[in-house]
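# Build me a model from this:
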Amino acid sequence: MGQVAFLTVICNLLTMDSSTGLKVDISRRFVSLPVPGMSSHLVYRRTFISVQENAALDHMSSCWFRSFSAPDPPVQPTLVEFVEDSACRRYVDGLLQKAASTFSMQSTELEDADDQRALNSSGDPISPPSFGSAGHPEASHSGPMSCCSWKNTPTPLELYAMSLPEDVGAPMLFPMYTVAVEALLKMTEILPHEELKAQGKLTIFEAGATQRAAFVSHQWVAIDHPDPEFRQMRILQDALQEMIGRLKSVPLDFVTETLVPSAAPLPLEDVKSCSVFVWYDYFSCPQLERRKSWSSDQSDGSQQANAINSIPAYVANCQLFLALCPVLDCPCDSKVLTSTTWRQRGWCRVERAARELSTDSTWILIQSSSSIELVGAVLSFPTGSVGEGEFTKEGDRKKLAPVMQSIVMRKLMHCLRARDFPGFRRYFNLQNVHLRGLEVEPVRLLPSDREGPLDAVSTFLRQNGLRSPTKSDRAGWFPLHYAALSGSVEVLQGLLETRASVNQRTSRDEPLLGFPLWTSALDLAVSYKHHDAARWLIGARAHLEGGLIPALSAAALSNNPEGIRLLCAAGGQPLPRNRFGQSALDAAAAYGAEEALEEIVAQGQPGPLELSMALFMAAKFRGGSAEMVRRLIYLRADVDFQLDMSRDFTLLGRLLFGAKAVQYRLGQVTVLSSVCYHLHGSTPLMQAVRSAQYDAAAALIAAGAKLKLRNCRNWTVADFARGHCMPRFLQQGFEVCGRPCIRFLHGTCELDSRCQFCHMEHERPKEKLDKQRRKLMETLNESQVLSLLLPHLRARAWDKGLADQMAPLIQLLEETLSHMDATAVPRNASSFLKPVLKRLADSKLHVTA
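Numbers count the residues shown, from 1 in each chain. Here you go, the predicted model:
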């Protein structure tokens, strides 16, 4: 019996490429090679090495052929000596250590017959393969390599993943300054980083067994200060007290609970038992720097720039990510801050992307101290790319380009290290989406595997680690679906030429991205606004419907009016319903997709019932803004619409919602089961209050929504509001105006100086005439009414700043009065009729304005 040493080394059969260096012929199988001067054989596993220097590659290749192709050299180096002596030692040391920790060196005795099987059938040693003109090893059928299954052969992407070093974490270019939660709860004003640091209230966070960090993402209330009146921070304080006090866990939002069955509420025992530190941009980043310009490579020495580029590292160090999105009125900017405006801000988008593309993609949405939910699916809270977000300063878009690029790259590397190749393919092909609007290019990880230009399909398959253009991967997605994510028309065309079906649908869902079972390439293309790809797929006769949701609903969810026009022009129905009974109009309203909604309305001309259902869905999901409510009511939606399960949902939809309602009855109380239990008979106002969309609730009440309607559980709006922390404008609106007031139109009204939230153009309460006023008004003739009205009209026009606009009307009334017979006005009539005359004057002003 001979001795055979089994040694796993980092070495490969090599091919050369003049532009990129090292290439490999790939196999996971052990290959037996004779070592001259030894009676045994050295068995090694071939693994990928990435070497960029051509000189090292040439030397390594010459060593290989000198070792095993020379006829009979006097001293034949072993493979280990080859690695030791070659110029590539410094490239493979780390990989050798990594391999040694995974595979142990073993020595065993084998039968002579086993030794013989390690040789060629002729008994000669296995020689290295010959290389064809394209740089690939030529096929051999005489050695043991012929038994290697093609499916077991690792792809270049898999080998690249094996060669990656351990993750050392995102670079932190500026210390992670935080504030202890105890100190934050005592604050009464927000001071900048420099002042808090001088007061000794900042702590550099270091992860430990008893320390946890929370990253706060929020929208600034003012241009130069995040929260000048401390309203937003007070809600954060209340929410933190709730989390470390009464709450045992953070419940899932009902969309995440629906899409991700494996998701679970976030337990808070660990947070309560540890010291918690809060990262908040105004506390943690330098704010008082004086700089003439900003440089993305920090060449100007800016500490603020270093902190910005460290955002991915800060997010990675935080166990909690808090999106602070209360409904706040901003009188100075004529707007209302909501969760919708938060997701539109570019800075908030990059912070959210850093979280969702990290190892832990869940985050906590805080809309009030009583509305705290865990979000774990993109479809729970649709957003857009960072480059297409809103920025107060346009230069900020350039600042975030390298930050977003590093976030995407780290996600790709994490997927490869975790051997999550389907996840890698998704995010690799979504680079164009994540980097849209930024001045950076997507990356290609693997170089070309042959000299000369490759066709698009071969390059696509190689970069994605796919073996066949017509076979699905373990996630149930076909290459055509990944090509649709990238939006490459060239790749889509090439795949169809290889007999891939344009109507291939996924056999598994992708809950984190929000795609259900049976998603098509066309669904994906319109979801990510790849208009050229969608146009080409439609031309290739892709089905417009057939999955769980129609393609037009997918376009509506992503606010894609161009995609809706393409689908309708191809013969698609503008108001298709999915298998649960919801239409594309419902989808657009549910996610606040205003542009998509307008296109569907123009294409489909929906009736009052469809519009009322859309209003209900907007209040139920995330689309309940005051603007959306106002628009749908203008289009004839019923403000007091009550949901009827048998009328508004299909049998499948009723079964699903009914099953969740039964769970609620059995004591399994979650956000989703609670929604389903109270769904039948509920109104848009009930849903707006339940979902903490208080601006929508204010707009509905101002439009005349009834407060006393009851759902199937005999609940009114007051029952849904029980336990909710209502914002000031709802409370003060009732006290001052008799109804809530909210800003969704520019301008002010008369009550602005009293409640400071009355920015909604609503019908003012009419002052009723008593019997004496009514009798006096009936006795006045036209000239008397005009003589009483004109002074009030002049005064009100001056007060409202409309004197110039009202001048022609006032002049006309004066001329009319001058041609009338003068009639004495009853004594004290002007003061007695002042409320009526004031209202008439305001009415004239409103019509003229």
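
# Let me know how buried A456 is, in neighbour terms.
Neighbour count of A456, defined by other C-beta atoms under 10 Å: 17. (Glycine included, C-beta is placed from N, CA and C.)

# Please apply the same query to R436.
15.

# Which neighbouring elements make contact with the longest strand along the chain?
Counting by DSSP state E, the longest strand found in the chain is strand 211-218. When contacts are defined as 3 or more C-beta pairs under 8 Å, 6 or more residues apart in numbering; DSSP states H and E, strand 211-218 packs onto helix 231-244, strand 275-280, helix 311-317, strand 320-324, helix 346-356.

# mind checking which of the ones you listed is nearest A705?
Comparison of these against A705 by C-beta to C-beta identifies helix 231-244 as nearest, at 25.4 Å.

# about what we covered before: could you tell me the angle between the longest strand of the chain and strand 275-280?
30 degrees (axes from the mean of the first three to the mean of the last three C-alpha atoms, to 10 degrees).

# Can you dump the C-alpha atoms of strand 211-218 in CSV for me?
Extracted C-alpha coordinates of strand 211-218, given in CSV (Å, rounded to 0.1, in the frame of the first residue of the first chain):
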residue,chain,number,x,y,z
GLN,A,211,-24.6,48.2,24.9
ARG,A,212,-27.1,48.8,22.1
ALA,A,213,-27.3,51.7,19.6
ALA,A,214,-30.3,53.2,17.8
PHE,A,215,-30.1,55.1,14.5
VAL,A,216,-32.7,57.8,14.1
SER,A,217,-33.7,58.8,10.6
HIS,A,218,-35.9,61.9,10.4
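
# which residues sit against it?
Contact partners of strand 211-218, identified using C-beta atoms under 8 Å, 6 or more residues apart in numbering, comprise 176, 178, 181, 205, 207, 226, 232, 236, 270-271, 274-281, 314-315, 317-325, 342, 348, 351-352, 355.

# relative orientation of that strand and helix 346-356 in degrees?
Between the axes of strand 211-218 and helix 346-356, defined by the same axes, to 10 degrees, the angle is 140 degrees.

# okay, the helices and strands packed on strand 211-218 in CSV with mean pLDDT and mean neighbour count next?
Conversion of these to CSV gives the following (pLDDT from 0 to 100; neighbours: other C-beta atoms under 10 Å):
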stretch, mean pLDDT, mean neighbour count
helix 231-244, 95, 20
strand 275-280, 97, 22
helix 311-317, 95, 23
strand 320-324, 97, 24
helix 346-356, 95, 24
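
# and R535, which of the ones you listed is closest to it?
Nearest to R535, of the helices and strands packed on strand 211-218 and by C-beta to C-beta, is helix 346-356 at 27.5 Å.

# What distance do you get for the closest residue to S369 other than its chain neighbours to C725?
In this structure, S369 finds its nearest non-sequential neighbour in D238, 3.4 Å apart by C-beta to C-beta, 6 or more residues apart in numbering. Separation of D238 from C725 (C-beta to C-beta, to the nearest Å): 7 Å.

# Name the residues contacting each of these two.
Residues touching both D238 and C725 (C-beta under 8 Å, 6+ apart): S368, S369.

# can you point me to the longest helix in this structure?
Ranked by residue count and defined by DSSP state H, the top helix of the chain is helix 395-417.

# Run the angle between that helix and helix 346-356 for me.
10 degrees.

# quick one: pLDDT of P128?
As predicted, P128 sits at a pLDDT of 35.

# can you check Q298 too?
53.

# for L802, same thing?
72.

# what's the answer for D420, then?
96.

# ok, now A134?
pLDDT for A134: 35.

# ditto for G704
Here the pLDDT value assigned to G704 is 84.

# Would you confirm that it contacts V639?
Yes - assessed by C-beta atoms under 8 Å, G704 is found in contact with V639 at 6.0 Å.

# higher neighbour count, the two?
V639 (20 against 12).

# and the more buried one, what does it touch?
Here V639 is in contact with L615, I633, P684, L685, L700, A703, G704, A705 (C-beta under 8 Å, 6+ apart).

# Excluding covalently adjacent residues, which one is nearest to the third one?
Just to be clear, that refers to P684. Once flanking residues are discounted, P684 sits nearest to A619: 4.1 Å by C-beta to C-beta, 6+ apart.

# Please consider this matter closed, and thank you.
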